[in-house]
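Undergrad: Here's my sequence, what's the structure:
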Amino acid sequence: MMVDNKSGLFTSNVPSLLSEKSVECMGNNFGTAAFCDPEENKVATAEAKIAHLEAWSLLERDHSSSLLGATEALKASTLRLPIVGKATADIQNLKDAISSAVEMMQAMASSICSLSSKVEEMNSLVAELASLAAKETVLLEHCKDFLSALAAI
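TA: From the prediction side, this is the model:
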C-alpha cells in the first residue's frame, strides 16, 4: 500500500473485491453460476468468494502496514520536539512539521474511511455467501429426498 502523491490517499495493488467471475457449466458459458447443478454452483461460488477473501487479507495486511508506518513516522517527528529547558525553534520549520503531520493524519483518515466502506462491502459478501450456502444446503437435501423417492419407485 502506498500514498498517492496527487490525492494523498492510500492506494493498493490488491485486485478489486467486487470483480465478477464467469462460470462454465456443462460446456455452456452462461456467465453465471445460477444454471449449474447445485454442487458445481456451490463450488464455483465458494471459489469466487475465497478469491475475494484472499484479496481482502492482502488489503488488510497492506493497510495495517501503512498505518503502522505512518504512526511510527508521526511518533518520530514528535519525539524530536524539545520540551524542556530554554528550547527555541524555527517557527517556519515547526509550522512545516505540524502541517506535514496534519496532512498525514488527513490521509490516514481518508484511508480509514475508504477501508470502512470496503469492510461494509465485505460484510455484505460474507452474508450473501452464508445465505447462499444455506439455500444450497436446503436444495441439496431436497435433491437427496427426490432421489431417494425415485430409487424407491
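Undergrad: Looks to me like Gly85 is in a helix.
TA: No. The assignment for Gly85, made by DSSP: H, G, I helix; E, B strand; the rest coil, is coil rather than a helix.
Undergrad: can you count the residues close to it?
TA: Residue neighbour count, defined by other Cβ atoms under 10 Å, stands at 6 for Gly85. From N, CA and C alone the C-beta is placed, and that goes for glycine too.
Undergrad: Packing partners of the strand or helix carrying Val138?
TA: Following DSSP states H and E, the helix or strand that holds Val138 is helix 91-152. With contacts taken as 3 or more Cβ pairs under 8 Å, 6 or more residues apart in numbering; DSSP states H and E, helix 91-152 sits against strand 10-11, helix 38-79.
Undergrad: Can you say which of the ones you listed is packed in most?
TA: When those are scored by mean count of other Cβ atoms under 10 Å, the highest mean neighbour count falls to strand 10-11 (a mean of 18).
Undergrad: Quick one: mean pLDDT over that one.
TA: Over the span of strand 10-11, the pLDDT mean works out to 44.
Undergrad: Output the below-cut-off pLDDT ranges for the protein.
TA: Segments of the chain classed as low confidence (criterion: pLDDT under 70) are 1-39, 77-83.
Undergrad: switch the cut-off to 80
TA: Residue ranges of the chain with pLDDT under 80: 1-46, 49, 52-53, 63, 67, 70, 73-90, 94.
Undergrad: Using JSON lines, lay out the helices and strands packed on helix 91-152 together with distance to Cys143.
TA: As requested, the helices and strands packed on helix 91-152 are exported to JSON lines (distance: least, Cβ to Cβ, whole Å):
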{"stretch": "strand 10-11", "distance to Cys143": "46"}
{"stretch": "helix 38-79", "distance to Cys143": "7"}
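Undergrad: so which of the ones you listed comes closest to Ser117?
TA: helix 38-79 (12.2 Å; Cβ to Cβ).
Undergrad: which other helices and strands contact that closest one?
TA: Where contact means 3+ Cβ pairs under 8 Å, 6+ apart, helix 38-79 is packed against helix 91-152.
Undergrad: Tell me, how many residues neighbour the closest residue to Leu74 other than its chain neighbours?
TA: In space, Leu74 comes closest to Ala101 once its chain neighbours are excluded; the distance is 5.8 Å by Cβ to Cβ, 6 or more residues apart in numbering. Residue neighbour count, defined by other Cβ under 10 Å, stands at 15 for Ala101.
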